[in-house]
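Asker: generate coordinates for the sequence data below:
(one chain, ligands or ions: 1)
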Amino acid sequence: STERSLGSQVNHEIIGIDPGAGLMKQTAQAIEDYDLKEWKLVEGSSAAMTVALDKAYKDKKPIIVTGWTPHWMFAKYDLKYLSDPKGVFGKDEQIHTIVRNNLKKEAPSAYTMLDRFEWTPEEMAVVMSAIIDGKKPEEAASSWVKDNAGKVGGWVKDLSQEKGKKLKLAYVAWDSEIASTNVVKAVLEEKLGYKVEMLQVEAGPMWAGISDGSADAMVAAWLPTTHKDYFDKYAGKYEDLGPNLNGTKLGLVVPAYMNIESIADLNT
Ligand code: PBE
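Answerer: You can find the predicted model right below:
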């Protein structure tokens, strides 16, 4: 046959994101478990991954990326997850809020707001879409906070104002976490009077920063599977405030026009 295999069409490359992401470890595991010996996982960033996806999609070319939900890319493009019969990418997950030990005592109103913070993938999508349509993340977050006064009011109900008290939120530049972290920052500043600094770091330093107290909180912990290594490594050095969002998914993602359905098919 003159038909080239999918592998050779995409150079046996899976387009990854930042190396500290749990998704990268899971993909490396998938390469092993599905025996994809010829395949390489390309390190980069969320932003570079979406640029590569956009380019391939416009040309109707094949591409395989590491992807997750919630993400705006599923609204912008017609995409599908490859099925994962071996279950490498885990099952039910939530995004958790994690704070440093002693935050409860030292910044009780921020602690309580962070503990109450909880929203849906659909709500997060509104912020993510506004950002991808060109709004600055802080403006998109601020508009969402104004448009959702009822919900936000519940998060800050009866909490005391803190005049300019400083707070540091750690996050990784994943599209979902850019949205959530900016929303939490907007609420803490606009409703409770905090002065919030956002620290953009890699996943490992994000967990380390909460655990050594150099950052106060993060809303970017994917558990129980994706960040299990970090969760275990720093156990006892942080406080887990539980889920802030339900309904996530991770895996290998391709354009719907591609004629492949399962990770197992990458081997043929
Ligand atoms: N993600 C987005 C992260 C968590 C949030 C799925 C890229 C990760 O893999 O660690």
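
Asker: can you pull out the low-pLDDT segments for the stretch 1-150 of the chain?
Answerer: In the predicted model of the stretch 1-150 of the chain, residues 1-3 satisfy pLDDT under 70.

Asker: how about the residues of it by the ligand?
Answerer: Residues of the stretch 1-150 of the chain found near the ligand, taking Cβ under 6 Å from any ligand atom as the criterion, are 17, 21-23, 68. All C-beta atoms are positioned from the backbone trio N, CA, C, and that covers glycine.

Asker: what about the longest helix along the chain, average pLDDT?
Answerer: Ordering each helix of the chain by length in residues (DSSP state H) puts helix 175-192 first. Here the mean pLDDT over helix 175-192 is 98, rounded to a whole number.

Asker: show me where this structure has strands.
Answerer: Secondary structure of the chain, counting by DSSP state E: strands at 13-15, 40-42, 65-69, 79-81, 94-100, 166-171, 195-200, 217-223, 238-246, 249-255.

Asker: for E123, find the nearest of those strands.
Answerer: Relative to E123, the nearest member of these by Cβ to Cβ is strand 238-246, separated by 8.7 Å.

Asker: which parts of the closest one are buried?
Answerer: Residues 238-239, 241, 244-245 are the ones in strand 238-246 that count as buried (16 or more other Cβ atoms under 10 Å).

Asker: adding pLDDT and distance to the ligand, write these out as a markdown table.
Answerer: Supplementary listing: these in a markdown table, determined by pLDDT from 0 to 100; distance: Cβ to the nearest ligand atom, whole Å:
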| residue | pLDDT | distance to the ligand |
| --- | --- | --- |
| Y238 | 98 | 16 |
| E239 | 98 | 20 |
| L241 | 98 | 17 |
| N244 | 98 | 12 |
| L245 | 98 | 10 |
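
Asker: ok, back up a step: now the angle from the longest helix of the chain to strand 166-171?
Answerer: Compare the direction of helix 175-192 with that of strand 166-171 by axes from the mean of the first three to the mean of the last three Cα atoms, to 10 degrees and you get 160 degrees.

Asker: OK, contacts around the residue lying closest to I63 once chain neighbours are set aside?
Answerer: Once flanking residues are discounted, I63 sits nearest to A56: 3.7 Å by Cβ to Cβ, 6 or more residues apart in numbering. Contact analysis of A56 by Cβ atoms under 8 Å, 6 or more residues apart in numbering lists 62-63, 255.

Asker: now do the contacts for V88.
Answerer: If a contact means Cβ under 8 Å, 6+ apart, then V88 has 26, 29-30, 33-34, 263 as its contacts.
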